[in-house]
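# sharing a sequence plus its predicted fold:
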Amino acid sequence: MEPDDSVIERFVFEQVPFEKLPVFVKKRLESSKDVWKDRVYKFSLKHQLRWRTNLVKSFSEERAYYVDMLKLCKTSLTLFPYHLSDVMVRSLRVTPFRYYLEIIENVMRNEFSYDRVPNFTAVDCVRLLGIGRNEFIDTMNKCRSMGWMWKKKKNGIFELLPQFARPISIEHWWLVCLGFVTDDDARRCSDAERAIIDALHHSGPRQAGEFDRASVVALHIKGLIYLDIPIESDDFLSVPPLENFVMNRVGGDFFESLLYKIFVSIDERTSVDKLAAVLDIDIELIKQAMSLYCRLGFAIRKSAEPLKPDPANPYARPMRSAWHTSWLRAAEQATAANNSYLKMRVKSVPDTFIYGAADTFVNAQHAQPDAAADARPVRSPEASGDGRRIGFVFDYTLAALLMMGNLGSGLKSHAVTMYEVGKLPEESLYDLLLELDKIDGHAEGEAVRYYDHAITLRHVLRFLQATRGVDMLRSERLQTSLEPAIRERMMRQNYSLLISMAPISPETPAITSTIPQHFGPALPEVNTPWFSMYFYGRVGAGPPATLFSKGTRVRLLPRAFTDYEYERLSQWNKDPSVVSVNTLLPTLNEALLESPVLVQAFGRSKEPLIVDVPFPLADAEPGAPEPAEYTADNLHLHPLVRHVQDTMGLTMSFGFIRMLFLEDSSVAERRNWVPLEFFLGLPLFSLSLCQAVCDRIASHQLFSDENLKRFSVQQRYLSIDVLDFINKYQDEELVFDETTVPYPARTLQFLNGVVT
């Protein structure tokens with residue numbers, strides 16, 4: 001996209017004619033009206049603007065415009081333009097079923113992979129055609145079995161594809177609209193179906209619940225009606241865990257980007273008009289997106305007029321319609337089936353655990369310190385006094401672990417929601433905890449990692465729910481889908497506190513937030529090698545370390561590293577790896593072609609002794625002698641650990657300090673504990689460590705208003721100090737930009753307590 005495109009597009013949206021464009025815009029358009037028309041036409045097609053209400057009507061023909069739009073949509077494999085269904089279905093005679101049939105046929109004819117179909121388009125194809133990954137592969141195999149001529153046969157692929165749309169789920173409040181119906185079509189319909197056609201012909205769109213349910217479904221299968229899903233400005237919608245989502249690829253078109261932006265922002269407490277204000281997006285676009293969510297089954301319209309009174313739903317509109325009995329019977333059957341399913345799920349949860357005091361969970365039979373991990377799920381207090389919640393920030397690794405861990409099929413839909421939507425609201429946590437409660441026993445091998453994260457997440461959610469409502473937020477989705485100003489506005493409105501999982505992957509851009517306060521990385525720079533060098537210099541302790549600038553060619557390793565058999569190598573935005581000193585030089589030089597690299601002495605073993613010490617640190621017993629030897633059990637008493645807490649101001653926050661027992665290659669002459677790194681937030685890789693951190697939060701009242709104010713001040717000072725440190729090693733003055741972190745201009749070394 002050219003730098004001036006956004007400026008020009010704003011004038012297209014505002015329908016400013018060429019004659020009234022500012023002079024500087026005309027200059028960018030070469031002062032040519034034809035260039036302006038071309039830009040308007042392409043922009044209108046890309047954004048699927050209605051012809052009659054936009055600039056394109058002044059210089060183009062309506063039918064040709066919509067034909068071009070369909071061609072572009074099919075080429076780009078985008079979603080069917082449902083907001084233009086009246087034109088597409090009634091004028092161009094292209095139903096969503098026919099549209100997706102042609103897309104799938106074209107993908108197959110060109111022998112493209114199924115993964116080429118973007119996520120939302122693939123979901124709609126499954127919904128209407130019944131063609132998912134397995135069906136696609138099976139059809140392609142049948143095509144290839146015809147021999148080399150299969151592509152030449154005109155209708156060869158179409159003959160293997162569905163001839164009619166699948167029966168789909170239709171809500172009673174959806175609007176049924178008359179499509180293109182010929183006399184022959186009407187003659188092939190039943191009496192009940194013809195009655196619906198006549199009613200729509202005379203009175204226009206009607207709610208589906210006013211007609212016989214089976215007849216509405218049959219007419220949709222035949223392509224004689226289309227469905228409009230109305231969304232009002234004062235509607236409230238919620239997003240349940242995603243079912244049947246297809247994870248292929250992101251297409252990148254404007255509407256798909258909008259869908260993801262709304263996904264991570266939506267919650268059932270915010271109306272459509274307020275969400276539009278927070279996101280600063282035209283409300284009609286918000287309605288289009290919400291309508292699609294409901295169509296695909298990804299959202300529930302809480303404020304729809306119900307089939308029968310629902311006292312439990314405060315958002316429901318008053319009942320005014322006379323619903324057809326077929327819809328009432330279907331609703332009763334669905335309620336009975338759902339109640340039976342819920343009873344079956346609840347029975348699978350242990351009954352021996354009860355919800356205890358505000359910050360503890362107690363086993364009814366045996367009081368144990370880890371009972372929190374096994375308590376039954378309960379609905380939590382709603383939120384803080386102003387309705388805001390805690391935002392628990394996680395990265396893609398957590399969603400991936402829950403998806404790949406084979407921990408239960410029910411857990412995977414939540415994991416997909418966490419990854420694709422980027423948000424799991426408080427309303428969905430009850431079901432998530434039910435699934436997490438089904439995890440029992442012990443794992444072995446690689447499965448241990450999946451198991452540990454799942455049961456620790458269970459503990460974290462229950463601990464936080466005891467304080468106030470909790471939403472889970474994926475950091476990457478927040479960063480990529482929302483502009484900084486919009487993200488800040490959304491955070492301020494919905495959350496009183498942000499807490500990150502610890503550690504957040506270095507591949508993940510850290511969330512920067514002062515209001516609400518964030519117990520996690522204070523700056524994006526904290527999640528890079530910059531912070532390790534700052535940390536070592538600030539406390540005057542750490543393993544020997546060198547931060548090499550990008551492009552450096554290292555011919556001889558620094559003397560400090562040759563005393564150790566293994567080093568830890570950290571590239572920018574990548575997880576660290578442990579490398580033997582014998583292969584360090586070529587590995588380092590190759591890595592330096594891509595980014596700066598931090599090298600740290602790691603000791604005599606590839607897996608040295610590392611202990612994670614939770615903070616705030618437990619107090620030492622008065623008068624207790626200094627330990628003769630420091631181990632995992634008493635390392636919190638080590639003077640250096642205490643020094644780290646005091647120097648970095650960790651008494652007002654929570655997390656853990658990672659200590660490394662560093663041994664050189666000599667005959668064990670030099671052995672000592674050194675700080676490797678520290679992380680703010682809640683660890684999910686170890687239940688015992690997480691419980692210890694949660695205990696510190698409760699005992700030190702770290703969520704109190706008084707501590708939050710002190711913590712906020714301390715984080716601001718830390719941020720300024722870190723940026724000042726980085727600025728000293730830059731060629732140019734550092735400009736704060738949360739989207740990029742500057743590379744070091746020269747190589748830095750930490751040795752003997754000093755950074756040089």
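Good, I have the coordinates.

# could you point out which element follows the helix or strand where residue 458 lies?
Residue 458 is part of helix 447-465, with elements assigned from DSSP states H and E. On the C-terminal side of helix 447-465, the nearest following helix or strand under DSSP H and E is strand 470-474.

# before we move on, back to that, can you list the buried residues in the helix holding residue 458?
450-465 (16 or more other C-beta atoms under 10 Å). (C-beta placed from N, C-alpha, C; glycine too.)

# do the same with stretch 471-480
For stretch 471-480, by 16+ other C-beta under 10 Å, it's 471-479.

# what's the answer for stretch 186-200, then?
189, 193-194, 196-197, 200.

# how about the buried residues of stretch 471-480 in TSV, adding distance to residue 575?
Shown next, in TSV, are those (distance: C-beta to C-beta, whole Å):
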residue	distance to residue 575
471	27
472	22
473	22
474	18
475	15
476	15
477	20
478	21
479	18
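
# now, which of those residues sits nearest residue 643?
The closest of the buried residues of stretch 471-480 to residue 643 turns out to be residue 475 (C-beta to C-beta; 30.7 Å).

# how about low-confidence regions in the stretch 401-550 of the chain?
In the predicted model of the stretch 401-550 of the chain, residues 405, 441 satisfy pLDDT under 70.

# can you give me the strands in it?
Using DSSP state E, counting those that start in this stretch, the strands of the stretch 401-550 of the chain run over 423-424, 470-474, 495-502, 517-519, 545-548.

# now do the stretch 551-700 of the chain
566-571, 577-580, 597-603, 610-615, 655-663, 671-680, 682-683.

# among the ones you listed, which is nearest residue 754?
strand 671-680 (14.4 Å).

# check which residues of that closest one are buried.
673-680.

# okay if I get the residues you listed as TSV plus distance to residue 595 and pLDDT?
As requested, the buried residues of strand 671-680 are exported to TSV (distance: C-beta to C-beta, whole Å; pLDDT from 0 to 100):
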residue	distance to residue 595	pLDDT
673	30	92
674	25	93
675	24	95
676	21	95
677	19	95
678	23	94
679	22	95
680	24	95
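
# which residues does residue 512 contact?
518, 522-524, 738 (C-beta atoms under 8 Å, 6 or more residues apart in numbering).

# got a ChimeraX select line for the buried ones in these?
In ChimeraX syntax, the buried subset of the contacts of residue 512 is picked out as below (16+ other C-beta under 10 Å):
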select :518,522,523,524
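
# out of the contacts of residue 512, which one sits closest to residue 659?
residue 522 (21.8 Å).

# verify the stated contact: that closest one with residue 717.
No. Look at residue 522 against residue 717 with C-beta atoms under 8 Å: they stay out of range, at 9.8 Å.

# how much space separates the closest residue to residue 753 other than its chain neighbours from residue 714?
With C-beta to C-beta, 6 or more residues apart in numbering as the criterion, residue 753 has its nearest non-adjacent residue at 4.0 Å, and that residue is residue 540. Per C-beta to C-beta, to the nearest Å, residue 540 is found 20 Å from residue 714.

# do residue 477 as well
29 Å.

# pLDDT weak spots in the stretch 1-150 of the chain?
1-5.

# which residues touch residue 58?
residue 17.

# what are the phi and psi values at it?
phi -80, psi -10 (degrees, to the nearest 10).

# picking up where we left off before, reformat the strands of the stretch 551-700 of the chain into a markdown table and put distance to residue 330 next to each item.
Formatted as a markdown table, the strands of the stretch 551-700 of the chain follow (distance: least, C-beta to C-beta, whole Å):
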| stretch | distance to residue 330 |
| --- | --- |
| strand 566-571 | 57 |
| strand 577-580 | 57 |
| strand 597-603 | 61 |
| strand 610-615 | 53 |
| strand 655-663 | 52 |
| strand 671-680 | 51 |
| strand 682-683 | 44 |
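
# between those strands, which gets nearest to residue 506?
Per C-beta to C-beta, nearest to residue 506 of those: strand 566-571, 7.5 Å.

# partner strands of the closest one, with direction?
strand 577-580 (antiparallel), strand 597-603 (antiparallel) (DSSP bridges).

# which strands or helices does the helix or strand that contains residue 128 pack on?
Using DSSP H and E, residue 128 sits within helix 119-129. Helix 119-129 sits against helix 96-109, helix 254-263, helix 283-296, with contacts defined as 3 or more C-beta pairs under 8 Å, 6 or more residues apart in numbering; DSSP states H and E.

# save those helices as TSV, and put in mean neighbour count and distance to residue 549 too.
What follows is these, written out as TSV (neighbours: other C-beta atoms under 10 Å; distance: least, C-beta to C-beta, whole Å):
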stretch	mean neighbour count	distance to residue 549
helix 96-109	20	46
helix 254-263	19	35
helix 283-296	20	45
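
# what's the closest of those to residue 398?
helix 254-263 (17.4 Å).

# what's the angle between that closest one and helix 119-129?
Using axes from the mean of the first three to the mean of the last three C-alpha atoms, to 10 degrees, the inter-axis angle of helix 254-263 relative to helix 119-129 is 100 degrees.

# just the C-alpha atoms of helix 254-263, please, in CSV.
In CSV, the C-alpha atoms belonging to helix 254-263 read as follows (Å, rounded to 0.1, in the frame of the first residue of the first chain):
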residue,chain,number,x,y,z
PHE,A,254,-10.1,-5.8,4.7
PHE,A,255,-13.2,-7.6,6.0
GLU,A,256,-11.2,-10.5,7.4
SER,A,257,-9.0,-8.1,9.3
LEU,A,258,-12.1,-6.4,10.6
LEU,A,259,-13.4,-9.8,11.8
TYR,A,260,-10.3,-10.5,13.8
LYS,A,261,-10.2,-7.0,15.2
ILE,A,262,-13.8,-7.4,16.5
PHE,A,263,-13.2,-10.9,17.7
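
# pLDDT on it, on average?
Averaged over helix 254-263, pLDDT sits at 92.

# helix 283-296 and the following helix or strand past it, what's the angle between them?
Downstream of helix 254-263, the next assigned helix or strand under DSSP H and E is helix 272-279. For helix 272-279 and helix 283-296, the angle between their directions (the same axes, to 10 degrees) works out to 120 degrees.

# what ranges do the helices span in the stretch 601-750 of the chain?
639-648, 687-699, 705-727 (DSSP state H, counting those that start in this stretch).

# nearest to residue 75, out of those helices?
Per C-beta to C-beta, nearest to residue 75 of the helices of the stretch 601-750 of the chain: helix 705-727, 45.7 Å.

# and the closest one, what other elements does it pack with?
strand 517-519, helix 529-539.

# in TSV: those, plus distance to residue 18.
Converted to TSV, those look like this (distance: least, C-beta to C-beta, whole Å):
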stretch	distance to residue 18
strand 517-519	48
helix 529-539	50
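
# and of these, who's closest to residue 297?
strand 517-519 (33.8 Å).

# what comes into contact with the closest one?
Contacts for strand 517-519 (C-beta under 8 Å, 6+ apart): 393, 497-500, 511-512, 653-655, 680-681, 708, 711-712, 715.

# buried subset of those residues?
393, 497-500, 511-512, 653-655, 680-681, 708, 711, 715.

# and those, which two are the farthest apart?
512 and 654 (19.0 Å).

# can you give me the helices in the stretch 1-150 of the chain?
Under DSSP H, counting those that start in this stretch, the stretch 1-150 of the chain gives helices at 5-13, 23-28, 33-46, 62-76, 85, 96-109, 119-129, 133-144.

# among the ones you listed, which is nearest residue 320?
Per C-beta to C-beta, nearest to residue 320 of the helices of the stretch 1-150 of the chain: helix 85, 25.5 Å.

# ok, back up a step: which of the helices of the stretch 1-150 of the chain sits most buried?
The highest mean neighbour count among the helices of the stretch 1-150 of the chain, using mean count of other C-beta atoms under 10 Å, belongs to helix 119-129: a mean of 22.

# quick one, helices of the stretch 351-500 of the chain?
Counting by DSSP H, counting those that start in this stretch, the helices of the stretch 351-500 of the chain are 396-404, 409-420, 426-437, 447-465, 475-481, 484-494.

# so which residues make contact with the shortest one?
This means helix 475-481. So helix 475-481 is contacted by 257, 260-261, 263-264, 393-396, 421-423, 487, 500, 504, 508-511 (C-beta under 8 Å, 6+ apart).
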